[in-house]
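**Student:** pasted the sequence and its predicted model underneath.
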Number of protein chains: 2
Amino acid sequence: MNGHEEDEVVYEIGVVVPKSNVTEGKESRDCVEILEAEFRKVGLIVDRVSGVSDEFIKVAAPLETLGRAAAEMQMRKPTCIGMDLQFEWEEVNAFVKQPDGSLFSWCERFQCYQHLLYGIVNKSDSGIVLNFDGKEFPWEVGQSLLKKLECEGIIKQVFPLHDETKRRKLLRSWALNWWDLTDQPIDEIYSYYGTKVAIYFAFLGKYTRWMFFPAAFGLILQFVDFGSLQLLVLPVFFISIILWAVLFFQFWKRKNYALLARWHINYTIGASQGQKLLGMECGSVQSPVELMKKMGMDKTQEKQLYQRYEWLGYLMRFRNDAIIILSIICLQLPFELAYAHLYEVIGSDLLKFGLTGIYLFVIQHFTRFGGKISVKLIKYENNENTEYRADSLVYKVFGLYFMQSYIGIFYHALLHRNFTTLRQVLMQRLLISEVLENLLENSLPYLKYSYKKYRTIRNKKKHDKGSKSEKIHVTSRVEKEYLKPAYSASIGDEVEDGLFDDFLELALQFGMIMMFACAFPLAFAFSAVNNIMEIRTDALKLLSMLKRPVPRAATSIGAWINIFQFLIVMSICTNSALLVWLYDEEGKWKVEPGLAGILIMEHVLLLIKFGFSRLVPEEPAWVRAKRVNSATQAQNVCSKQLLRSISGGEKTFYGQDKTE
Amino acid sequence: MNGHEEDEVVYEIGVVVPKSNVTEGKESRDCVEILEAEFRKVGLIVDRVSGVSDEFIKVAAPLETLGRAAAEMQMRKPTCIGMDLQFEWEEVNAFVKQPDGSLFSWCERFQCYQHLLYGIVNKSDSGIVLNFDGKEFPWEVGQSLLKKLECEGIIKQVFPLHDETKRRKLLRSWALNWWDLTDQPIDEIYSYYGTKVAIYFAFLGKYTRWMFFPAAFGLILQFVDFGSLQLLVLPVFFISIILWAVLFFQFWKRKNYALLARWHINYTIGASQGQKLLGMECGSVQSPVELMKKMGMDKTQEKQLYQRYEWLGYLMRFRNDAIIILSIICLQLPFELAYAHLYEVIGSDLLKFGLTGIYLFVIQHFTRFGGKISVKLIKYENNENTEYRADSLVYKVFGLYFMQSYIGIFYHALLHRNFTTLRQVLMQRLLISEVLENLLENSLPYLKYSYKKYRTIRNKKKHDKGSKSEKIHVTSRVEKEYLKPAYSASIGDEVEDGLFDDFLELALQFGMIMMFACAFPLAFAFSAVNNIMEIRTDALKLLSMLKRPVPRAATSIGAWINIFQFLIVMSICTNSALLVWLYDEEGKWKVEPGLAGILIMEHVLLLIKFGFSRLVPEEPAWVRAKRVNSATQAQNVCSKQLLRSISGGEKTFYGQDKTE
């Protein structure tokens, strides 16, 4: 990326401004001109493209400009010795290169761009008067130009641009490479989309690969007749899929750490599973400290302040969770049960159809409403960074979806206690949800894009009314990208992006196949096939249907791993219940020994679920050894210098700290 | 400690050598003389005390001697900026002082002493001939003098000495301070005994303080008649004690981290819960690396080697655990059941008494045998350090004790399904075990000491036969200490010390009161009283009955926390079973709704147990903030220097690393 920019300039950010109406009679103070000049002044390479109805300023940055920006931001970057240190342009050799040979990762580059673009302020002594289309407005001293123009509505959007060569390469090697099944070029995805997206696809790939085992087992169960052993086969299947799931998630965590080690991303183990602690987010941890410094407290007071702050946070989160849980139980549960019951009672197919329509309409709004409330609630929690906030949202919203997806099935299972009906319902749901979702996911963005394009052209035609009647085409690549929809979440897009929906789909599928595994073992095979398709369609969506997403710094799948773990525990309980019903109904076992057996099996499985993570650590030994080694190395290198600076200038050191 | 050594020399290590027979005609090469001279040569202060049958060399070290030793050992110590750095005597101001104002903690001092004492080697060009009591033996070049003398049986023991002033102070402020109930001077205990002992007493104190709540609840349950609500009270009690236990252990973990922060001990969060990673044990993590360096492998091979090494370790541990579990189930379980059954069947009290005698005898040997096997097994596991090995032993041996303590009670509970009998058995066990153990714990060391003293004097008398018949007394303090028993574990004292027995007692008590809480709520009150006594008697034992224990570096209660957690889970299950039996027996509830209710309650409690630790992190926010702040500070201080050294001399840096 940064290595060969002499060959070809890669524009990575696009800024959208409306086409100026006064095309010829330009005044000298046209703010777009000024913007462009300022961009050039900070060292960016600028290209201006005129589109159908808007103008686009494409921005690229030479490596040195990025480097200077990174140093200005005091960005921390991993060095050769494994420690994250503040970036210095002069010591560029000390920092680790990305797998693709560039110095900065896409996420870091994006941060630099943001810093550069939004860092353009009025440095002169007096306000400058800008004008656009004859409208005049002041640019105050110290104000950010981009923010001002955004406020005035002149800059419509600032968005990351696709890199055409890389995109084409990925399209060939990834999205259209169907025969690789679950293999994906993860490193290239990482350097093009950043960690969070790469980790999603790594997870999806590994999950699908592991899915082959229960899929095969399910197929065997479906098509082979075990004769008298039939009743024993289901418990064996139950136990093996639970073990499978437990193993899979432990190995996924190990894989996650291995990936981070490969990408030279430093993390802290434990508490915040995979969250980057000493990175960008570090500043926000200290929020009560700033307060303290102002008030000039001593150590005990500081500790008390922290404790109050911490417990207040838990209290808030507890209150929010209680609100969400109660409203789900009191509002959503009766509604879902009412629908499920009505659907059962009503005979006429037409009425059923109508009922489902109403249900879908209401549930849509209910979910959106719940999402909005959740977003509002988490604003009052003192979550340390965006990723934490996103996780908190995920937990809350997943509650809604959980009820929505499974209550109906639970109702069927409880009411009928009939495996054949349950199987039918499951098959229906699985097929419909998966096929529909895959279709929607891929057609909706295209439809949106087409509609936007159509509207743009129509608007343009209206404007140019009567001048020329020749057909107008959207030709410039950057305008096409601008018209493409963003990779945004269906709920709470302030803190989440499209990954939310993709993970939600996976989690709901996982819950569906795991919780009713004993009733419908074939589901695993369906899911395996679906997930193989999902990998490629998601890739296609990201590469050609949508804008390039804004990179996010998260280093794990975040809240979703806990949701998956919760679903495993749920599925231990539900499958036990299913087995009890099954054997009770068929009347071949007596309830007493059978029930006791199933209960014991359940408890043993729960014990395995919770005990296994203690046996095999999440961090592979080689990653750990590398981390420890490099930390020790780093300490040894600077040990003496550090000691001298501490013991010699203890006063000045703490003095520096205070003034910082 | 180190601050005022001008006032009074505190001897901290004692070396025991036999009294020389040739009292007058000393030859110049007497090895004890040489030893003393060598001690002086390395800067130690030496005092020789003659006892009844042995001679004692008391050793003290001035601060500078310790400091030089620490620098030689490349000991890592926490600095003012929170980072552990290699100790340098010149930069002594950079390092954090202990809470009592001294530079080194007792554990660090002990390491320094060990390094100093065992570091005395023959530096001359040729072997030196030593002699003792006319026996001659060579001291080879480069051989450690102490090790040689230990091999030859001349040095009988090297043991840490009590510090009389501090001991007396602690005796007053801690062991005899009965009216403080659960309050203890933890910081003083820490500086006198080191982390592990201090953490045990901190745990015991907090546990006892928290115990007051269920004790009060249990008393209310016992003495208040709830009338028609009686049947509802037990489930409420059950739920509240489970919540109590879950909360307690989470808060204990937080307390543990807070203690470590107060004592300036750095730790790594997560994987090795509270284990010190970058401290002393760091070297042993790299074992496969050394192998690698010899073979000159590249990165992929290194990774593979690590992975093989890691999985081999898991395989070994799995095999060992399987052996232990199988042998417990196949050997111990039938034996315990047979005893319990026979005890029930036999009518005559005399026979019962005899049976119990045989049982106790067999179980003693069985446990010791099991312990020996466990110690042998863990030698084949690649545990990273002594504390890990101790943990591994604890898990294995606890299995034995678990069966031994509870199988009889389970048998009673299952056979009789009668709460009154069960209550009697529990009361019997609790009272007997606690009273007996407290008695034994405190009288046994004293008896041992008296016997040893008696034997020493008798031996002396035999030797001096006919010379004088006056009474001989053990007068020197150091000899008394030498005769006192060590603080050693009953099982596997290679890797554990007396804390093993103390924790075992606590864990068994915890299991007893928690697992049968619904049958005998009064047990909590018994335990609370017992634990208050336990604090003071344990303190008394450590201060005046035993030798000063060798300090250990562990920073948490290690394996025991997991055992306690396991016991909580067990008690959720057993109490649910007890409730089912109770209500089933009395016949007032129907089984179906009652059973379902209890099952749901059980599952909800299990969920809370496993979910709660996610809600409240183990590390308090203020500790975390401190850790993060200091790490960032440290990195900022040396950032530039480090960068220069990496990017400038990248070659030489890695070169250094290779040659290290």
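**Tutor:** Yep, that arrived. Small disclaimer: the values here were computed from a predicted structure and weren't measured.

**Student:** which strand or helix spans the residue of the stretch 101-250 of chain A found nearest chain B?
**Tutor:** Nearest residue of the stretch 101-250 of chain A to chain B: A:Q250, at 11.6 Å (Cβ to the nearest Cβ). Using the backbone N, CA and C atoms, a C-beta is placed for each residue, glycine as well. Using DSSP states H and E, A:Q250 sits within helix A:230-262.

**Student:** which secondary structure elements does that helix contact?
**Tutor:** Judged by 3 or more Cβ pairs under 8 Å, 6 or more residues apart in numbering or on different chains; DSSP states H and E, the packing partners of helix A:230-262 are helix A:195-223, helix A:559-586, helix A:591-615, helix A:621-648.

**Student:** doesn't A:F612 make contact with the residue of the stretch 101-250 of chain A closest to chain B?
**Tutor:** Yes: at 6.2 Å, A:Q250 and A:F612 qualify as touching, with contact defined as Cβ atoms under 8 Å.

**Student:** how much does the helix holding A:Q250 deviate in direction from helix A:195-223?
**Tutor:** With axes from the mean of the first three to the mean of the last three Cα atoms, to 10 degrees defining the directions, helix A:230-262 sits at 160 degrees from helix A:195-223.

**Student:** look up how far chain B lies from the residue nearest the centre of chain A.
**Tutor:** By Cα atoms, centre = their mean, chain A has its centre lying nearest to A:L499, at 4.0 Å. Using Cβ to the nearest Cβ, to the nearest Å, A:L499 is found at 22 Å from chain B.

**Student:** do the same with A:M601
**Tutor:** As judged by Cβ to the nearest Cβ, A:M601 and chain B stand 13 Å apart.

**Student:** residues touching that residue, list them.
**Tutor:** Residues near A:M601 by Cβ atoms under 8 Å, 6 or more residues apart in numbering or on different chains: A:235, A:238-239, A:576.

**Student:** which element follows the top helix by length along chain A toward the C-terminus?
**Tutor:** When chain A is parsed with DSSP state H, its longest helix is helix A:419-463. Counting by DSSP H and E, the next helix or strand C-terminal to helix A:419-463 is helix A:477-483.

**Student:** buried residues in whichever helix or strand comes after that next one?
**Tutor:** Moving toward the C-terminus from helix A:477-483, the next helix or strand (DSSP H and E) is helix A:499-515. Buried residues in helix A:499-515, counted by 16 or more other Cβ atoms under 10 Å in any protein chain shown: A:499-515.

**Student:** so what's the residue count around the spatially closest residue to A:N438 that is not a sequence neighbour?
**Tutor:** The shortest distance from A:N438 to any non-neighbouring residue, by Cβ to Cβ, 6 or more residues apart in numbering or on different chains, is to A:T537 (5.9 Å). By other Cβ atoms under 10 Å in any protein chain shown, 17 other residues sit near A:T537.

**Student:** ok, A:S240 next?
**Tutor:** 14.

**Student:** you'd agree it is up against A:F217?
**Tutor:** Yes: assessed by Cβ under 8 Å, A:S240 is found in contact with A:F217 at 6.6 Å.

**Student:** return the residues of the stretch 1-150 of chain A in contact with chain B.
**Tutor:** Taking Cβ under 8 Å from any Cβ of the partner chain as the test, the list of the stretch 1-150 of chain A residues beside chain B reads A:76, A:79-81, A:83-86, A:88, A:91-94.

**Student:** so of those, which ones are in strands?
**Tutor:** A:76, A:84-86 (DSSP state E).

**Student:** can you lay out those residues as CSV showing pLDDT and neighbour count?
**Tutor:** Formatted as CSV, these follow (pLDDT from 0 to 100; neighbours: other Cβ atoms under 10 Å in any protein chain shown):
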residue, pLDDT, neighbour count
A:R76, 81, 23
A:D84, 75, 24
A:L85, 77, 23
A:Q86, 80, 19
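
**Student:** show me which of these is closest to A:L605.
**Tutor:** If you rank these by distance to A:L605 using Cβ to Cβ, A:D84 comes first, at 40.9 Å.

**Student:** re earlier: show the contacting residues for the residue nearest to A:N438.
**Tutor:** So A:T537 contacts A:438, A:441-442 (Cβ under 8 Å, 6+ apart).

**Student:** can you tell me which of these are buried?
**Tutor:** Buried among the contacts of A:T537 by 16+ other Cβ under 10 Å: A:438, A:441.

**Student:** coming back round to it: pull the distance from the helix holding A:Q250 to the chain's centre.
**Tutor:** 23 Å (Cα atoms, centre = their mean, to the nearest Å).

**Student:** and it with helix A:591-615, angle?
**Tutor:** Using the same axes, to 10 degrees: helix A:230-262 against helix A:591-615 is 10 degrees.

**Student:** check which residues of helix A:230-262 are buried.
**Tutor:** A:234-235, A:237-239, A:241-242, A:244-246, A:248-250, A:252-261.

**Student:** domain parsing for chain A?
**Tutor:** With automatic domain parsing as the criterion, the domains of chain A are listed as A:13-161, A:171-281+A:384-619, A:623-659.

**Student:** about what we covered before: and which of the ones in strands among the residues of the stretch 1-150 of chain A next to chain B is nearest B:F226?
**Tutor:** Nearest to B:F226 among those: A:D84, at 60.5 Å, using Cβ to Cβ.

**Student:** would you reformat the helices and strands packed on helix A:230-262 as JSON lines and include mean pLDDT?
**Tutor:** What follows is the helices and strands packed on helix A:230-262, written out as JSON lines (pLDDT from 0 to 100):
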{"stretch": "helix A:195-223", "mean pLDDT": "93"}
{"stretch": "helix A:559-586", "mean pLDDT": "85"}
{"stretch": "helix A:591-615", "mean pLDDT": "77"}
{"stretch": "helix A:621-648", "mean pLDDT": "71"}
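
**Student:** how about those in TSV, adding distance to B:V15?
**Tutor:** Putting the helices and strands packed on helix A:230-262 into TSV (distance: least, Cβ to Cβ, whole Å) gives the following:
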stretch	distance to B:V15
helix A:195-223	58
helix A:559-586	56
helix A:591-615	43
helix A:621-648	34
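
**Student:** the closest residue to A:L582 other than its chain neighbours: how many residues sit nearby?
**Tutor:** Excluding its sequence neighbours, the residue lying closest to A:L582 (Cβ to Cβ, 6+ apart) is A:F419, at 6.4 Å. Counted with other Cβ under 10 Å, residues neighbouring A:F419 total 19.

**Student:** ok, now which ones touch the nearest residue to A:D125 once chain neighbours are set aside?
**Tutor:** Spatial nearest neighbour of A:D125, chain neighbours left out: A:V141 (6.9 Å); criterion: Cβ to Cβ, 6+ apart. The contact partners of A:V141, taken as Cβ under 8 Å, 6+ apart, are A:122-127.

**Student:** any regions of chain A where pLDDT drops low?
**Tutor:** A:1-7, A:21-29, A:267-298, A:382-384, A:465-471, A:584-594, A:631, A:634-638, A:640-642, A:644-660 (pLDDT under 70).

**Student:** dump the residue contacts of A:I324.
**Tutor:** Contacts for A:I324 were tallied using Cβ under 8 Å, 6+ apart; they are A:370, A:373-374, A:377, A:396, A:399.

**Student:** mind running it again at 10 Å?
**Tutor:** Each residue near A:I324 by Cβ atoms under 10 Å, 6 or more residues apart in numbering or on different chains is listed here: A:370, A:373-374, A:377, A:395-397, A:399-400.

**Student:** quick one: the helix or strand A:I358 falls within to chain centroid distance?
**Tutor:** A:I358 is located in helix A:349-378, with elements delineated by DSSP H and E. In terms of Cα atoms, centre = their mean, the centre of helix A:349-378 is found 24 Å from the chain centre.
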